[in-house]
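Asks: Model the following, please.
(one chain, ligands or ions: 1)
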Amino acid sequence: MTPIAEARSAAGLESTDCPNCGAAERATLFEIEDYLYGVEGRFAVQRCGNCGLVYLSPRPTRAAIGRYYPPSYSPYRPAIQDERSAAMRWMRRRKLVKRRQAVERHAPRRPGDLLDVGCSTGIFMDEMRSAGWRVTGVEMVREAAEYAHARFGLPVVEGDLLEVGLAPQSFDAITLFDVLEHTFEPAAVLHRAEELLRPGGIVALTLPNWESLDRRLFGKYWVGFDAPRHLSVFPRGVLVGMLEQAGLRVVDNRCLFGGYFTFITSLRTWLRARCPAAARRLEPLIDYPGVRLPFEPFFMLMDRIGAGGIRFIVARKPDSRAAHDQRSAS
Ligand SMILES: [Zn+2]
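Replies: Numbering: from 1, shown residues only. Predicted structure coming up:
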């Protein structure tokens, strides 16, 4: 180990080559910190010179990453019915239904068998089960997995998708909502998903949209970088290539629901860093629920032109007949 590598390892950091293609050549885009929760550490965002993946290096080691997920980390959401504000219940419900419908639109049969990877507190699994699906969840964070089990009685396997024991070809749909950007080995995760799918089955993902207006406006304060929890950000072409490498063919690729929350989270971070005085005056206004309404058409337009904050992508495993035809044709 070099002295720099040794010092980093003591701080719970490691350097990495591209987590997709393994190439060492890269351009450093900028240095970055944990702007959302303020956990100490300095990281750098790199762009791979070979495949174009955007990734963090140095980044936390697997042993140290847990400290960057405080209990207040927002994806550990309680049940929608426990939400105090009616507006919030309505918005969360709407997003959930959109996700379910998008999965059902592409699934080879419905209801079928669903695996929700990074299922967190089980909100989406519960929705799918209500629609008749047989559901299984995988979740690394014990408290979230326990909540899903205790609150909804859901079957959640605690652990890493790459390590848990699940039978190959046993699911019709696998969802990875806001998950891939957190993984240390995103290409291996996609391969594993393909292995677990039945022929004709689909994988559905949501991820920060590299092509978003938000990234262009807010730069390193864009919530899509969310260092150091997001270890990679996937430009559209890179992601499509990775799915193809895993044997999956993209069938849907768009912005599915308004990125209002991601936009204001980035805006708040940017304001705090750039003009703290204005941030203090504007923040109560930004957080006022009614402010969203007049801006709704703007976010719908951004989604329509593919510049919304969140990308939704569905890819299919070829069914056995198509795979057979392809083999005989080549
Ligand atoms: Zn690469």
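Asks: now the strands: where do they sit in the chain?
Replies: Along the chain, the segments classed as strands by DSSP state E run 13-14, 26-32, 43-48, 54-56, 59-60, 113-117, 134-139, 156-158, 171-177, 197-208, 232-233, 249-254, 310-316.
Asks: Show me where the stretch 101-250 of the chain has its helices.
Replies: 123-130, 142-152, 186-196, 213-218, 236-245 (DSSP state H, counting those that start in this stretch).
Asks: which one of the strands of the chain lies closest to M300?
Replies: strand 249-254 (12.4 Å; C-beta to C-beta). No exception for glycine: its C-beta is placed from N, CA and C like everyone else's.
Asks: Direction included, what does the closest one pair up with?
Replies: strand 310-316 (antiparallel) (DSSP bridges).
Asks: So, low pLDDT: which residues of the stretch 151-300 of the chain?
Replies: For the stretch 151-300 of the chain, the stretches with pLDDT under 70 are 258, 289.
Asks: The residue of it found nearest the ion: how many residues sit nearby?
Replies: The stretch 151-300 of the chain approaches the ion most closely through V238 (7.9 Å), counting by C-beta to the ion. Neighbours of V238 under the rule other C-beta atoms under 10 Å: 21.
Asks: Correct me if wrong: it contacts G52.
Replies: Yes. Judged on C-beta atoms under 8 Å, V238 makes contact with G52 at a distance of 4.9 Å.
Asks: quick one: contacts for I32?
Replies: Neighbour list for I32: R42, F43, A44, V45, L56, K220, F225, A227 [criterion: C-beta atoms under 8 Å, 6 or more residues apart in numbering].
Asks: how about a cut-off of 7 Å?
Replies: Neighbour list for I32: F43, A44, V45, K220, F225, A227 [criterion: C-beta atoms under 7 Å, 6 or more residues apart in numbering].
Asks: from the residues you listed, which is closest to V103?
Replies: Distance to V103 across the contacts of I32 (C-beta to C-beta) is lowest for F225, with 27.2 Å.
Asks: Taking the stretch 51-200 of the chain, what residue is nearest to the ion?
Replies: For the stretch 51-200 of the chain, C-beta to the ion, closest residue to the ion: C51, 3.2 Å.
Asks: what sits against that residue?
Replies: C18, N20, C21, A23, V238.
Asks: repeat that for 8 Å
Replies: By C-beta under 8 Å, 6+ apart, the neighbours of C51 are C18, N20, C21, A23, V238, G241.
Asks: and the nearest residue to the second one once chain neighbours are set aside, what are its phi and psi?
Replies: In this structure, N20 finds its nearest non-sequential neighbour in L53, 4.5 Å apart by C-beta to C-beta, 6 or more residues apart in numbering. Note on L53: backbone dihedrals following degrees, to the nearest 10 are phi -60, psi 140.
Asks: Would you mind confirming that L53 is in contact with P19?
Replies: Yes. Between L53 and P19 there is a contact under C-beta under 8 Å: 7.0 Å.
Asks: Return every residue with contacts to both of the two.
Replies: S232.
Asks: Kindly report the residues of the protein close to the ion.
Replies: C18, N20, C21, A23, C48, N50, C51, L53 (C-beta under 5 Å from the ion).
Asks: what's the pLDDT at the third one?
Replies: When you say that, I think you mean C21. Per-residue confidence (pLDDT) for C21: 96.
Asks: ok, it - contacts?
Replies: Counting by C-beta under 8 Å, 6+ apart, C21 has contacts C48, N50, C51, L53.
Asks: Would you show me how to pick out the buried ones of those in ChimeraX?
Replies: Entered in ChimeraX, the line below selects the buried ones among those, by 16 or more other C-beta atoms under 10 Å:
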select :48,51,53
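Asks: Would you check which pair of the contacts of C21 lies furthest apart?
Replies: N50 and L53 (8.7 Å).
Asks: so what sits against both of the two?
Replies: Common neighbours of N50 and L53 (C-beta under 8 Å, 6+ apart) are C18, C21.
Asks: can you pull the pLDDT of R321?
Replies: 60.
Asks: Break this structure into its domains for me.
Replies: 3-68, 82-329 (automatic domain parsing).
Asks: most tightly surrounded among the ones you listed?
Replies: Highest mean neighbour count among the domains of the chain (mean count of other C-beta atoms under 10 Å): domain 82-329, with a mean of 18.
Asks: Please report the distance of Q81 from I305.
Replies: Counting by C-beta to C-beta, to the nearest Å, the gap from Q81 to I305 is 35 Å.
Asks: do S130 as well
Replies: 33 Å.
Asks: give the contact list for the closest residue to L96 other than its chain neighbours.
Replies: In this structure, L96 finds its nearest non-sequential neighbour in E127, 5.0 Å apart by C-beta to C-beta, 6+ apart. Going by C-beta under 8 Å, 6+ apart, E127 touches L96, V97, R99, R100.
Asks: Format those as a markdown table; extra columns: distance to F263 and pLDDT.
Replies: Output for the contacts of E127, formatted as a markdown table (distance: C-beta to C-beta, whole Å; pLDDT from 0 to 100):
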| residue | distance to F263 | pLDDT |
| --- | --- | --- |
| L96 | 20 | 91 |
| V97 | 21 | 93 |
| R99 | 19 | 93 |
| R100 | 24 | 96 |
